[in-house]
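Q: Sequence and predicted model, in that order:
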Amino acid sequence: MSNLTWALLFSASAAGATAAQTNYVLGAQDVITVVVLGEPDLSRKYTIEQDGTFTFPLIGRITGRGLTLRTLEQELRKRLAGEYLKDPQVSVSVEAYRSQKILIMGEVLQPGEYQLTGDMTLLSAIAKAGSVRSTAGRDVMIVRVPAKRAGENGNTPSESEILRIDLRELQAGNLALNILLQDGDTINVAKAQSVFVSGQVKSPGAYAVEPGMTVLQMLSLAGGVTDRGSTGRIQILRTVDGKQKELKAKLTDKVEPGDTIVVKERIF
């Protein structure tokens with residue numbers, strides 16, 4: 001392989017790592033690609049073994065678990081320099097993520113466990129889970145277990161951190177809420193409180209409700225009133241103190257979670 005080809009490979013590897021992997025902390029079973037410029041015998045894939053180390057030519061066993069890619073690059077340069085190579089240029093990237101996982105639960109289309117890849121954010125994790133269901137509410141709760149890095153002594157703190165994210169604000173473009181995820185995070189997308197819309201509407205069913213929403217807004221979510229329906233004959237069925245009440249409703253009336261809106265037929 002020519003020096004030019006190796007230079008291009010080195011540049012591509014370094015750029016790829018910088019784009020999405022800079023903060024990723026390596027762990028057991030991760031597969032990495034190491035490129036040492038001008039040294040094809042050293043440049044290949046390596047798997048970090050269960051004890052957190054891997055075998056590198058000339059050097060022997062070297063620890064990868066608990067290190068970022070940049071830190072591992074520095075360690076490899078230091079170990080190769082002097083005795084083996086003069087001013088070695090080393091690039092490390094992740095070939096396959098296998099060590100770190102997150103759990104996504106609640107109102108997503110494909111809940112389950114997912115590999116944590118590179119600088120994965122909350123939005124990218126939700127996208128991996130197929131996006132949120134129509135029944136999703138505003139609240140996303142992230143339970144974060146304290147991380148334990150390689151080389152630390154003592155016990156990992158037992159208290160988990162709970163982060164609450166407003167999904168509506170995040171979807172509206174507040175990227176400050178699009179936090180980076182960590183190994184072991186559990187993400188729960190809460191179910192929205194709902195109002196059931198029935199009777200003479202085009203798409204009867206349960207719809208997510210937010211504070212301050214009106215009868216008109218709920219009817220819009222249900223596709224609007226049918227040709228046979230009357231906006232002057234609307235009832236709200238509401239449970240108050242354990243008893244169901246029937247309330248005559250106007251389009252401007254505010255609804256409450258658990259309400260049932262009934263649109264009756266017009267009287268001809």
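A: Nice, thanks for sending it over.
Q: all helices of the stretch 101-250 of the chain, in order?
A: For the stretch 101-250 of the chain, the helices defined by DSSP state H, counting those that start in this stretch cover 122-128, 167-171, 215-221.
Q: And for the shortest one, what's in contact with it?
A: With Cβ atoms under 8 Å, 6 or more residues apart in numbering as the test, helix 167-171 has contacts from 122-123, 132, 136-140, 177-178, 189, 210. For glycine as for every other residue, the C-beta is placed from the backbone atoms N, C-alpha and C.
Q: Give me the buried entries from those.
A: 122-123, 132, 136-140, 177, 189 (16 or more other Cβ atoms under 10 Å).
Q: Could you tell me which of these belong to strands?
A: Among the buried ones among the contacts of helix 167-171, DSSP state E puts 136-140, 189 in strands.
Q: Make JSON lines from these and add pLDDT and distance to residue 48 to it.
A: JSON lines is the format used below for those (pLDDT from 0 to 100; distance: Cβ to Cβ, whole Å):
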{"residue": "136", "pLDDT": "88", "distance to residue 48": "37"}
{"residue": "137", "pLDDT": "86", "distance to residue 48": "40"}
{"residue": "138", "pLDDT": "87", "distance to residue 48": "40"}
{"residue": "139", "pLDDT": "91", "distance to residue 48": "37"}
{"residue": "140", "pLDDT": "95", "distance to residue 48": "32"}
{"residue": "189", "pLDDT": "94", "distance to residue 48": "32"}
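Q: three-state assignment of residue 88?
A: Of the three states, residue 88 takes coil under DSSP: H, G, I helix; E, B strand; the rest coil.
Q: and what of residue 61?
A: Classification of residue 61 by three-state DSSP places it in strand.
Q: Please give me every residue in contact with the residue nearest to it when sequence neighbours are not counted.
A: Sequence neighbours aside, residue 53 is the residue nearest to residue 61 in space, at 4.8 Å (criterion: Cβ to Cβ, 6 or more residues apart in numbering). The contact partners of residue 53, taken as Cβ under 8 Å, 6+ apart, are 61-65.
Q: No further queries at this time; thank you.
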